[in-house]
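>>> Sequence first, then the predicted structure:
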Amino acid sequence: MLEITLSVLIVVGALFTFIGSLGLARLGDFYTRLHGPTKATTLGVGALLIASVLYFSTRDEGLSLHEILVTLFLFITAPVSAHLLAKAALHLRVPSIAPPPAEAEDPLADTRARAGD
Amino acid sequence: MNLRLLPHPILTPVLAVIWLLLVNSLSPGQILLGLLLGWAIPVFTLRFWPEQVRIHKPLTLMRFFAVVMYDILIANLAVAALILAGPKHVKPAFVRMPLDLRTDLGISLLANTVSLTPGTVSAWLSPDRSHLVVHGLKVKDPDALIAEIKRRYEAPIKEVFEPC
């Protein structure tokens, strides 16, 4: 029973991670590609980590909860890196399917706002 | 609350729990060490955390986390389906969303949540912090998207961290 649960979790995790990478290859422009790694992979990695918790908690003595930290750090870092990538892309005027907001393309907006204070 | 001795009452237990998870043990020595680190790190990095964090409605916070977890699950399925359906079904758009939140913590929490949930990534914050530019993977109605983010995420964050 445990082995079936573990295998299902690992296969589901691998599947979602794969779909996330597939999105990276298939989607049209930089900004839509950004969606794949930030989302489809969170569930994939989540499923893999639950499988890891189950496996090590039943095999070794005692609970193994390291994986909660991995989830936590992933949830903190994935959106931050996505945000910075998107911001950098806006400044560099990377080609986009959706019309980008004009003000965000101004690379000096932040500097100017600070100087204006 | 003594600000110099215990500058961030919430950060201390959080750091202690993170320490215990890292060493994967619940022995008294590790708990003590965790509490010591949880106390020392906020004291030594005091200048790094200018804002006092106060949680006003813990129940709303719990409900917010549950909603976000559920949305992450749905977001994954929706984005996976979109990717498999192919690039033709994608209809991306940038949406300019006015912010009600004012504090650094509130805005970063909202931006992180937006990036983790259905087909949206936060892309840009206006220098005066009045607008967040959000990139949506499939946007039918920008106004509906803004209303949804405001109702589901911004309102509870504001209630918990910035009551006026």
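The structure has been received and is ready for your questions. On a predicted model such as this, the values are computed, not experimentally measured, just so you know. Numbering: from 1, shown residues only, chains lettered A, B, ... in the order given.

>>> Just give me the residue closest to the centre of chain A.
residue A:38 (2.5 Å; C-alpha atoms, centre = their mean).

>>> how near is that one to chain B?
For residue A:38, the distance to chain B (C-beta to the nearest C-beta, to the nearest Å) stands at 6 Å. Using the backbone N, CA and C atoms, a C-beta is placed for each residue, glycine as well.

>>> Tell me which residues touch the residue nearest to that residue when sequence neighbours are not counted, please.
Spatial nearest neighbour of residue A:38, excluding adjacent residues (C-beta to C-beta, 6 or more residues apart in numbering or on different chains): residue A:82 at 4.5 Å. Going by C-beta atoms under 8 Å, 6 or more residues apart in numbering or on different chains, residue A:82 touches A:34, A:37-38, B:115, B:121-122.

>>> any residues touching the one helix or strand residue A:53 maps to, and which ones?
Using DSSP states H and E, residue A:53 falls within helix A:41-59. With C-beta under 8 Å, 6+ apart as the test, helix A:41-59 has contacts from A:2, A:5-6, A:9-10, A:12-21, A:63-65, A:67-68, A:70-71, A:74-75, A:78, B:72-73, B:76-77, B:80, B:116.

>>> Put the alpha carbons of that helix into PDB.
Extracted C-alpha coordinates of helix A:41-59, given in PDB (Å, rounded to 0.1, in the frame of the first residue of the first chain):
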ATOM      1  CA  THR A  41       6.800  22.800 -10.800                       C
ATOM      2  CA  THR A  42       5.600  23.800  -7.300                       C
ATOM      3  CA  LEU A  43       3.100  20.900  -7.400                       C
ATOM      4  CA  GLY A  44       5.600  18.600  -9.000                       C
ATOM      5  CA  VAL A  45       8.200  19.300  -6.300                       C
ATOM      6  CA  GLY A  46       5.500  19.200  -3.700                       C
ATOM      7  CA  ALA A  47       4.400  15.700  -4.600                       C
ATOM      8  CA  LEU A  48       8.000  14.500  -4.700                       C
ATOM      9  CA  LEU A  49       8.700  16.000  -1.300                       C
ATOM     10  CA  ILE A  50       5.600  14.400   0.300                       C
ATOM     11  CA  ALA A  51       6.800  11.100  -1.100                       C
ATOM     12  CA  SER A  52      10.200  11.800   0.500                       C
ATOM     13  CA  VAL A  53       8.600  12.500   3.900                       C
ATOM     14  CA  LEU A  54       6.600   9.300   3.700                       C
ATOM     15  CA  TYR A  55       9.500   7.200   2.700                       C
ATOM     16  CA  PHE A  56      12.100   8.400   5.200                       C
ATOM     17  CA  SER A  57       9.500   8.600   8.100                       C
ATOM     18  CA  THR A  58       8.600   5.000   7.700                       C
ATOM     19  CA  ARG A  59      12.000   3.600   6.900                       C
END
